[in-house]
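K.L.:
Give me coordinates for this.
(chains A and B)
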Amino acid sequence: NAGVMQNPRHLVRRRGQEARLRCSPMKGHSHVYWYRQLPEEGLKFMVYLQKENIIDESGMPKERFSAEFPKEGPSILRIQQVVRGDSAAYFCASSPTMIAEAFFGQGTRLTVV
Amino acid sequence: QQQVKQSPQSLIVQKGGISIINCAYENTAFDYFPWYQQFPGKGPALLIAIRPDVSEKKEGRFTISFNKSAKQFSLHIMDSQPGDSATYFCAASMRETSGSRLTFGEGTQLTVNP
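P.N.:
Got it, this is the predicted structure:
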């Protein structure tokens, strides 16, 4: 059973471009969480999704950020018009049920130049 | 009220020593308290977790001590090894209402010298 797969592992974008981060949860997991980790800081919750639904997006910036978890395919975190302050490691985690343990992927390291 | 405060920010321990990391929280609705280990370039990995109805949990060299009245919990790593050198995060969640959404502490960078 493969773990949580995130791709790409590293992503470089110029200011103003769009960044798309993908997360394929573990098999049988229908709950996905996205977190952001700024350099030398802890992880901050961004959004919690279940298949086709956003459950909690209270940690998402109001503008430029969006997330989806379609019925088929990976969860996508989309950042439009990236700025230097978006440079961070973005992690997703998945769990099979709402209260089960969530397992983390290796992360996508976004660098905005 | 959603914050989890972690200390120290960094810790240096000699091989064989005890590493102690502390966390404090405010929100009494938290009902699950895990600790994660993160190596550079990797995602966090669950080490050990505790619920508030238990005061201590031990798994191998790792022990969580939990003080519900003080709203504090700590991680003890016994017989620390150089391979334990990593960043450790405490976290808390309200599983019954918010699922596995985690509120993380700021992290402790542990260095175990040989």
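K.L.:
isn't residue B:5 right next to residue B:27, touching?
P.N.:
No. If you go by C-beta atoms under 8 Å, residue B:5 and residue B:27 don't touch, sitting 11.9 Å apart. Where you see a C-beta, it was placed from the backbone N, CA and C, and this is true even at glycine.
K.L.:
Need the nearest residue in space to the residue positioned nearest the centre of chain A, chain neighbours excluded.
P.N.:
Closest to where the C-alpha atoms of chain A average out (C-alpha atoms, centre = their mean) is residue A:34, at 3.9 Å. Computed as C-beta to C-beta, 6 or more residues apart in numbering or on different chains, the closest residue to residue A:34 that is not its neighbour in sequence is residue A:46, at 4.4 Å.
K.L.:
Check what pLDDT that neighbour gets.
P.N.:
Residue A:46 carries a pLDDT value of 96.
K.L.:
How many residues are close by it?
P.N.:
Residues lying near residue A:46 (other C-beta atoms under 10 Å in any protein chain shown) number 22.
K.L.:
so what's it up against?
P.N.:
Residues in contact with residue A:46 (C-beta atoms under 8 Å, 6 or more residues apart in numbering or on different chains) are A:34-36, A:57, A:59-60, A:65, A:67, A:77.
K.L.:
Save the residues you listed as CSV, and put in secondary structure too.
P.N.:
As requested, those are exported to CSV (DSSP: H, G, I helix; E, B strand; the rest coil):
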residue, secondary structure
A:34, strand
A:35, strand
A:36, strand
A:57, coil
A:59, coil
A:60, coil
A:65, strand
A:67, strand
A:77, strand
